[in-house]
Structure formats: C-alpha cells, structure tokens
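Peer 1: Fold the stuff below for me.
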Amino acid sequence: MGRYYDFHIHTSCSDGSLSPGEVVRRAIENGANTIAITDHYTLAGVDYARQIANKKLTIIPGIEISAQAPKSKRLHIVGLYVNKSIYSLVDYYETKRKVLVEDTILKLRKQNFKITYDDVKAYCRDRSSIGRYDIAITLASMHYSDSANKAYEDILLNKKVYVEREKLEAKEVIDAIIHAKGVPILAHPNSLRIGGSNFEERIEQLVSYGIRGIEVYTPHILEDKREYLLNLCEKYSLIPSVGSDFHRIREGFPNLITGIENDMCIDDPKILRKIKKEKSHISKHQ
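Peer 2: Here you go, the predicted structure:
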C-alpha cells in the first residue's frame with residue numbers, strides 16, 4: 001500500500017469523469033493508502049471500487065450532500081463510513097432531482113434545445129438516478145456541445161437554464177449522516193470564505209449541529225488559511241480531514257491524492273485514526 005490519504009473523491013457514478021475502477025487504479029499509481037469514494041447522493045461506486053482495489057488500497061464508503069447553511073450560505077457535507085440507511089435521505093433528494101431535471105429540460109426547450117426527458121433516459125448512466133450531469137451527457141451526445149463537461153459549464157450553468165436544487169438544512173443532513181453511522185465532515189470550507197467575519201460563527205453553529213471535522217488539507221487553501229483552520233479544529237475538537245474533491249483529469253483541477261501541483265500529498269495516519277475513532281463513537285451511540 002502507498003502512503004497518502006484522500007477522503008473526498010468523485011467517480012462517474014455522480015459527476016466525475018472516471019469510473020470507480022479507473023479512480024482506484026489512478027489512486028494506486030499516485031501512492032494512495034486509503035481513499036473515500038464520496039459521490040453525490042449515492043454509494044453506487046463503493047462496492048465496485050473495493051473489488052478492483054482488492055488489498056492494494058483501502059476504500060471508505062462515503063457520500064457528499066448539499067445543505068443550507070446558517071446565514072443562508074450553501075455548503076457541502078461529506079459523510080465518511082456511512083451505511084446504506086443514508087438512502088432514506090437520498091430518496092428525498094431523488095424526488096427533488098427528478099423535478100430539477102424536468103424543469104431544466106423545460107428551460108432548455110425554451111432556449112431552442114430540442115431535448116426531451118426520454119432523450120436523457122436514453123443517454124443517462126443510471127436510469128434509477130438521473131441528474132443534471134446526465135443532461136450534459138445528452139446535450140453532448142446530441143451534438144449541442146463538444147463534451148459533457150463543456151455542456152455542463154457552458155449551457156447548464158447559464159442563468160437562463162440553471163435550476164437551483166432544493167436543499168435540506170445542514171442540521172438535517174448532519175443528523176442523517178450520524179444516523180447512518182457516518183462521520184460528517186465540512187467539505188471545501190473555502191466556499192464559506194475562510195477567515196471572513198462570520199466564518200467562525202458558522203463553524204460554531206455547525207459544531208452545535210454535530211459536525212465532526214473540516215477539510216483542512218484540500219487544494220486552493222493556502223498555508224495561512226490552513227493554519228487558521230487547524231486552530232479552529234483544535235478549538236472545537238474537530239478532525240482536520242483531507243480531500244481533493246477530485247472530479248476529472250484536467251489542467252488546473254485537483255488530481256486525486258496529489259491535489260494541484262502536489263499541494264496535498266498528506267501521509268499523516270493520525271487523521272484516519274481520528275476518523276475511525278469518531279466512527280466507533282458514533283456507532284456506539286446510535
């Protein structure tokens with residue numbers, strides 16, 4: 001096994017570009033010891049990733065879920081070691097996801113894109129869980145764009161087409177992760193403007209909801225902000241987690257394990273031990 005850790009990785013089971021098997025192979029090549037597959041709203045990639053990894057790499061089951069944060073800010077929460085009871089929450093999101101897809105298609109048609117829900121079903125990756133990225137795949141397959149990624153960024157994020165997903169409150173998401181015996185971690189905290197006037201107040205609120213850690217070792221966070229986050233973790237007894245938020249191989253985007261230009265490469269086993277200890281603590285009290 002390698003040395004490094006990465007607890008926030010996406011595959012093609014959500015909006016990543018690599019299959020679970022390709023993610024495992026690349027993680028091994030990049031020197032990984034343990035990774036978490038944390039696709040949006042699904043655990044579908046975990047079992048296959050474990051089969052491919054065999055004993056060369058440890059795979060933690062994980063999930064990433066959007067939430068509404070204190071002071072109306074949006075955030076993402078990663079649940080590490082969640083079990084399949086998390087699907088009670090995912091089922092709610094799937095109902096909302098179908099509405100989002102239908103509303104997006106309606107807006108696309110108003111912009112003269114000749115696309116239907118049946119088209120998306122024909123091109124989607126998994127008919128049981130059709131999402132926004134499947135619309136991007138369909139647009140690319142119908143030659144409205146050169147690639148799914150380009151369709152997503154240039155067409156679906158356009159304000160004339162974009163449909164905001166309804167989100168649960170952060171406390172509800174954290175409670176659901178803990179109920180599924182998982183460890184809730186605040187993902188990419190820079191989305192909440194690290195060091196801003198209300199940042200610590202939001203962290204304190206999330207701690208009161210049951211958050212157990214913050215992604216400290218993640219790309220785009222400079223050394224001074226990492227130090228600030230580490231101090232907050234110590235102050236509020238939080239785990240300083242590590243996660244690339246890997247989605248695809250692309251210049252300027254984070255690579256799994258290594259980050260951007262090797263700004264991650266975290267090999268501290270104490271982080272994993274703390275997560276496992278918290279997992280054990282949560283399991284005993286559920």
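
Peer 1: Which helix runs longest in this structure?
Peer 2: helix 87-110 (DSSP state H).

Peer 1: Tyr48 looks like it's in a helix, true?
Peer 2: Yes: under DSSP: H, G, I helix; E, B strand; the rest coil, Tyr48 sits within a helix.

Peer 1: Might you report the residue contacts of it?
Peer 2: 19-21 (CB atoms under 8 Å, 6 or more residues apart in numbering). Using the backbone N, CA and C atoms, a C-beta is placed for each residue, glycine as well.

Peer 1: out of the residues you listed, who has the most neighbours?
Peer 2: If you count neighbours using other CB atoms under 10 Å, the busiest of the contacts of Tyr48 is Pro20, which has 25 neighbours.

Peer 1: hmm, back to that, now pLDDT too, for the contacts of Tyr48, in CSV please.
Peer 2: Output for the contacts of Tyr48, formatted as CSV (pLDDT from 0 to 100):
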residue, pLDDT
Ser19, 94
Pro20, 96
Gly21, 96
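
Peer 1: buried residues in stretch 237-252?
Peer 2: 238-247 (16 or more other CB atoms under 10 Å).

Peer 1: Check the offset of it from the chain's centre.
Peer 2: In terms of CA atoms, centre = their mean, to the nearest Å, the centre of stretch 237-252 is found 9 Å from the chain centre.

Peer 1: okay, that stretch in CSV with CA atoms only?
Peer 2: Taking C-alpha atoms only, stretch 237-252 is exported to CSV below (Å, rounded to 0.1, in the frame of the first residue of the first chain):
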residue,chain,number,x,y,z
SER,A,237,-12.3,19.4,18.8
LEU,A,238,-12.8,18.8,15.1
ILE,A,239,-10.9,16.4,12.8
PRO,A,240,-8.7,18.1,10.2
SER,A,241,-9.6,16.0,7.2
VAL,A,242,-8.1,15.7,3.8
GLY,A,243,-9.9,15.7,0.4
SER,A,244,-9.0,16.6,-3.2
ASP,A,245,-12.7,16.9,-4.3
PHE,A,246,-11.4,15.1,-7.5
HIS,A,247,-13.8,15.1,-10.4
ARG,A,248,-11.7,14.8,-13.6
ILE,A,249,-8.2,14.9,-15.0
ARG,A,250,-7.8,18.4,-16.3
GLU,A,251,-5.1,21.1,-16.0
GLY,A,252,-5.8,23.4,-13.1
